[in-house]
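A.B. asks: after the sequence you'll find the predicted model.
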Amino acid sequence: MKNILVTGGAGFIGSTFVRRAIARHPDYKIVVLDKLTYAGNLDNLLPVKDAPQYAFERGDIADRATVRRVLETHEIDAIVNFAAESHVDRSVLDPHAFINTNSVGVYTLLDTARELGVQRFHQVSTDEVYGSIDEGHFREGDPLEPNSPYSASKASGDLMARAYYVTYGMHTTVTRGSNTFGPYQYPEKVIPFFVTEALDDRPLPLYGDGMQVRDWLYVDDHSDAIDTVLHKGAPGEIFNVGGESERHNIDVTRFLLQTLGKPESLIRYVEDRPGHDRRYALTNDKIRAELGWEPAHSFEDAMTETVRWYQQNDWWWRKIKTGEYLEYYKRQYAARLAETEK
Ligand code: NAD
Ligand code: TYD
């Protein structure tokens with residue numbers, strides 16, 4: 001591999017991967033293809049924008065002509081696909097874009113790669129494709145029972161990657177990561193949303209009883225796991241990537257407030273997300289045993305660092321929390337929060 005196409009590289013995890021790949025693999029050319037949706041942000045790539053081995057292309061992974069042009073122009077050998085509509089709540093409000101990017105987009109990337117003989121394709125997926133689990137941990141061979149339009153559209157991407165391995169012999173791999181947090185995360189996801197709202201002493205809308213469980217994975221660890229699978233994963237293989245840090249939402253919220261020195265009175269219990277998955281949990285047994293990867297950061301240290309980053313980088317998030325963001329905030333939260341005032 002020499003020339004790597006990172007789709008969705010202007011987003012949260014993709015840009016972390018790009019920044020780390022440029023530092024770690026100076027012999028690779030890293031090309032980002034990103035549509036720059038509301039979640040895509042060139043500020044995330046500022047640290048690498050002048051690196052000689054970096055290039056940026058704006059475009060849609062579901063547009064075959066664009067994908068073909070980029071693959072040919074940059075003589076791409078491998079694709080790592082981060083591009084996605086990634087927020088569950090938005091998929092509940094309007095699933096359309098999720099199908100276009102997460103299903104049609106993955107198919108378009110795979111099929112154009114097949115046409116041009118690009119063998120290597122890594123699909124960045126999510127633990128949410130398994131659905132919810134009350135006890136125990138999901139393994140890679142477990143059935144897929146996605147519950148939201150987001151997770152159903154992501155599952156279709158996983159299955160298409162599998163089909164291109166089995167049918168056409170392409171070297172496809174898949175990682176299923178758990179809830180990821182860290183710097184540069186769009187402030188609709190719960191961690192940056194709650195931290196930035198709390199910094200401004202605004203209410204934190206906690207869904208339902210706040211007793212849902214997520215497994216938290218630091219973004220540098222997630223990025224390094226993807227790099228490991230890209231280099232060492234056998235064709236057709238799927239790897240779970242868990243943070244080994246399960247927490248109830250209420251406990252995460254309290255931890256954030258404590259770290260910020262803000263009062264728990266900011267918490268508002270609001271109407272639940274429809275179809276809200278109760279618990280996500282994965283085992284890392286396979287990636288640990290076969291590839292020697294394990295999370296390197298503790299939840300408490302990485303979360304504290306993350307909170308500090310948002311405290312120190314309000315230049316990054318204040319300009320996001322305007323315009324379309326405020327429209328979305330109103331749709332998602334205005335009625336829910338108004339209920340708590342009654
Ligand atoms: P994000 O929303 O921050 O970034 C997504 C990026 O994809 C943005 O830059 C956006 O502009 C781009 N994009 C969207 N549609 C596109 C299209 N049609 N063509 C080209 N670019 C497009 O997402 P993220 O949190 O960084 O997630 C990255 C990947 O990791 C996604 O595939 C997501 O499903 C997966 N994942 C995320 C998490 C998490 O907790 N954030 C956990 C597990 C897996
Ligand atoms: P989120 O960051 O949206 O990730 P996901 O839905 O992919 O797990 O949400 C994480 C958890 O936090 C999830 O259980 C939903 C909950 N949550 C809230 O309670 N309030 C909120 O405003 C948001 C965005 C999420």
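C.D. replies: Happy to help now that I have it. Numbering: from 1, shown residues only. Ligands and ions are numbered 1, 2, ... in the order given.

A.B. asks: can you pull out the strands in the stretch 101-250 of the chain?
C.D. replies: Here the stretch 101-250 of the chain has its strands, by DSSP state E, counting those that start in this stretch, at 120-126, 171-177, 179-181, 204-207, 213-218, 238-241, 246-248.

A.B. asks: quick one: the ones you listed as a markdown table, columns for mean pLDDT, distance to I287 and mean neighbour count too.
C.D. replies: (C-beta placed from N, C-alpha, C; glycine too.) Output for these, formatted as a markdown table (pLDDT from 0 to 100; distance: least, Cβ to Cβ, whole Å; neighbours: other Cβ atoms under 10 Å):
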| stretch | mean pLDDT | distance to I287 | mean neighbour count |
| --- | --- | --- | --- |
| strand 120-126 | 98 | 13 | 25 |
| strand 171-177 | 98 | 8 | 24 |
| strand 179-181 | 98 | 15 | 24 |
| strand 204-207 | 98 | 30 | 20 |
| strand 213-218 | 98 | 12 | 23 |
| strand 238-241 | 98 | 4 | 26 |
| strand 246-248 | 98 | 17 | 18 |
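
A.B. asks: need the pLDDT of the residue of the chain found nearest ligand 1.
C.D. replies: For the chain and ligand 1, the shortest gap (Cβ to the nearest ligand atom) falls at G11, measuring 2.0 Å. In this model, G11 is scored at 98, pLDDT.

A.B. asks: got a list of what it touches?
C.D. replies: D34, A39, G40, N41, N44, F82, A83, A84, S86, Y186 (Cβ atoms under 8 Å, 6 or more residues apart in numbering).

A.B. asks: helices along the stretch 101-250 of the chain, start to end?
C.D. replies: When assigned using DSSP state H, counting those that start in this stretch, the helices of the stretch 101-250 of the chain occupy the ranges 106-116, 149-168, 190-199, 219-232, 249-260.

A.B. asks: what residues does the protein put near ligand 2?
C.D. replies: V88, D89, N179, K189, V190, F193, P205, L206, Y207, Q212, R214, N249 (Cβ under 6 Å from any ligand atom).

A.B. asks: and the nearest residue to F12 once chain neighbours are set aside, what does it touch?
C.D. replies: Nearest residue to F12 in three dimensions, chain neighbours excluded: Q185, at 4.4 Å (Cβ to Cβ, 6 or more residues apart in numbering). Q185 sits next to F12, I191, P192, V219 when contact means Cβ under 8 Å, 6+ apart.

A.B. asks: and the pLDDT for the residue nearest to S148 when sequence neighbours are not counted?
C.D. replies: Once flanking residues are discounted, S148 sits nearest to V88: 5.0 Å by Cβ to Cβ, 6+ apart. In this model, V88 is scored at 98, pLDDT.

A.B. asks: quick check: V88 touching P274?
C.D. replies: No - assessed by Cβ atoms under 8 Å, V88 is found out of contact with P274, at 10.1 Å.

A.B. asks: the more surrounded of the two?
C.D. replies: Between V88 and P274, counted using other Cβ atoms under 10 Å, V88 has the larger neighbour count: 21 against 9.

A.B. asks: let me see the residues that make contact with the strand or helix carrying V18.
C.D. replies: V18 belongs to helix 12-24 when assigned by DSSP states H and E. Applying Cβ under 8 Å, 6+ apart, the contact partners of helix 12-24 are 4, 6-9, 28, 30, 32, 34, 39, 41, 44-45, 47-48, 51, 53-54, 80, 82-83, 86, 124, 177, 180, 182-186, 189, 219-220, 222-224, 226-227.

A.B. asks: just the buried residues from those, in PyMOL please.
C.D. replies: A single PyMOL command is used to select the members of the contacts of helix 12-24 judged buried by 16 or more other Cβ atoms under 10 Å:
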select buried, resi 4+6+7+8+9+28+30+32+34+39+41+44+45+48+53+54+80+82+83+86+124+177+180+182+183+184+185+186+189+219+220+222+223+224+226+227
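
A.B. asks: restrict the contacts of helix 12-24 to contacts with ligand 1.
C.D. replies: T7, G8, D34, A39, F82, A83, S86, V124, G177, T180, Y186.
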